[in-house]
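J.: For reference, the sequence and a predicted model appear below.
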Amino acid sequence: MTYNKPLPQIGADTRFFWEGCRKHVIRIQKCGNCGHLRWPPAFLCPRCLSADTRLIDVSGRGTIYSYVIYHVAYDPSFKVDLPYVVAVVALEEGPHILTNIVECDPHKLTCDMAVEAFWDDVTETLSLLKFRPAKP
Amino acid sequence: MHAVGVLEAGLCKYVLISYGHSGRWGEGMLRMLLGRNGDDAVFGHFGASAGYAMAARRAMHEFNTGPETWEKIAVGQRKWANLNPRAMMYDRKMTTADYYSSPWVVEPFRLADNCLVADGGRACIVTTVERARDLRHPVVTIMGLGMHSPSADLAGSRYMAGPTGARAAGKAALDMAGIGLDAVDACEIYDCFTYTVEITLQDYGFFRPGEGRDWFAGGTIEPGGRMPVNTSGGLLSEAYQMGLTPLTEGVMQLMGRCGDRQLGPKTNNKTPEIILCSDNGGILQSHACYILRKG
Ligand SMILES: [Zn+2]
């Protein structure tokens, strides 16, 4: 079956992230000067403006900072998923990332709830970083 | 604020601030509301409504708010629209039950928490007080201005539940005006969503976090209430004309040009001397506060 949802616009800034996703690792930029972890990707550290950038792999554990439940499909390709959850997850290591929460009852979610990475292999070459409630 | 700058610099004598949009039949507004922001669309995340809903959900977690608060904003503003023949919702009443039966769009927001999409336009003219005295309409003076733009993209934002840019912008405007909130007779607040009204008034200091539920109770913002808010019906119930919906309503109220909704004996409110207006952009990413005075 062909995947008909919007695809990421992969560019020089974000390629490392999507390549990491293909291997099921979450790769985040770390400032080589002050150690600040940043998302979204940028070529300068927003904290100290250093261009010295490293990549690190993070754990995939985090908490829900906030979330919403879509009851309307703004793009028809999401209609089959309604109601679905979009969330901002606070990674254990610090950065916030926009994602989906899957394998859950949307009405049982709460802010600050523990979640873990869930890899959705949507095509041969694209894996999406989603999250699900953490297994105890 | 830019208008004041070019007037002060002597570059202009009169500055027209205008906005016009065919939001209902053109595509521009839809593109803005539904458009994709970076790779958010990959996860099914689109536009403004969901962004503000995300902020509102975080606020529900951090302090005592939710539909019980927002319902009072939606219903209160609708009562003003019912006095305004130009409002899109002039002849449509909204009760508390109507609010709760409004369908979910992006939970925690119902359709009734969302502003309108409108065809129309607004304009106002800014000039010096001296020149304004020679014109046909009564003078309304800008007492104070403040802007503050935290800017961070939603996913990186840590201020969804406040303090937003309204905190610093409001303080700057009040300081410039040399007044406190107790001198304000009415507010015209940029109300793209119900929650925006709550967080803006909260950050200005009208009530403490979570106390909005009590503050809005008992018809506070409605005709005859102790702090009228969005007296045209606002973006929620009059028409979406960006920040010019609140700004022009503040000016017209102080000029006394508001017909059946004119604050004063007709609405059982104090005739206003000072009105506070706000504007806001992005997902709570930029904020402006204006304080206007009659005369
Ligand atoms: Zn740094």
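T.: Right, received. Where do you want to start? Residues are numbered from 1 along each chain as shown, chains lettered A, B, ... in the order given.

J.: list the contacts for the closest residue to residue B:86 other than its chain neighbours?
T.: Leaving aside its sequence neighbours, residue B:86 sits nearest to residue B:238 (C-beta to C-beta, 6 or more residues apart in numbering or on different chains; 7.0 Å). Placement of C-beta: from N, CA and C, glycine included. Taking C-beta atoms under 8 Å, 6 or more residues apart in numbering or on different chains, we find residue B:238 in contact with B:80-81, B:84, B:86-89, B:116, B:230, B:232, B:245, B:249.

J.: try it again with 10 Å
T.: B:77-78, B:80-81, B:84, B:86-90, B:115-116, B:118, B:120, B:191, B:230-232, B:245-246, B:249, B:261 (C-beta atoms under 10 Å, 6 or more residues apart in numbering or on different chains).

J.: just so I have it, where are all the helices in chain B?
T.: B:2-8, B:28-34, B:47-62, B:67-81, B:96-101, B:129-133, B:165-177, B:194-204, B:212-216, B:234-237, B:244-255 (DSSP state H).

J.: The residue nearest to residue B:41 when sequence neighbours are not counted: how many residues sit nearby?
T.: Closest residue to residue B:41 apart from its sequence neighbours, by C-beta to C-beta, 6+ apart: residue A:6 at 4.1 Å. By the criterion of other C-beta atoms under 10 Å in any protein chain shown, residue A:6 has 17 neighbours.

J.: picking up where we left off before, quick check: PyMOL command selecting the buried ones in the contacts of residue B:238.
T.: Selection command for PyMOL covering only the buried members of those, criterion 16 or more other C-beta atoms under 10 Å in any protein chain shown:
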select buried, chain B and resi 77+78+80+81+84+87+88+89+115+116+118+120+191+230+231+232+245+246+249+261
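
J.: still on that earlier bit, next, the residue nearest to residue B:86: phi, psi?
T.: Backbone torsions for residue B:238, taken as degrees, to the nearest 10, come to phi -100, psi -70.

J.: pLDDT at it, what is it?
T.: Looking at residue B:238, its pLDDT stands at 92.

J.: Quick check: it vs chain A, distance?
T.: 24 Å (C-beta to the nearest C-beta, to the nearest Å).

J.: mind checking how far residue A:73 is from residue A:79?
T.: Residue A:73 is 4 Å from residue A:79, where distance means C-beta to C-beta, to the nearest Å.

J.: With residue A:55 instead?
T.: Distance from residue A:55 to residue A:79, by C-beta to C-beta: 37 Å.

J.: do residue A:88 as well
T.: Counting by C-beta to C-beta, the gap from residue A:88 to residue A:79 is 23 Å.

J.: out of these two, which sits in the busier spot?
T.: residue A:88 (25 against 11).

J.: So, low pLDDT: which residues of the chain?
T.: Since no chain was named, I'll use chain A. A:1 (pLDDT under 70).

J.: Chain B, not that one
T.: B:23-37.

J.: repeat that for 80
T.: Residues of chain B that meet the criterion pLDDT under 80 lie in B:1, B:21-38, B:151-156.
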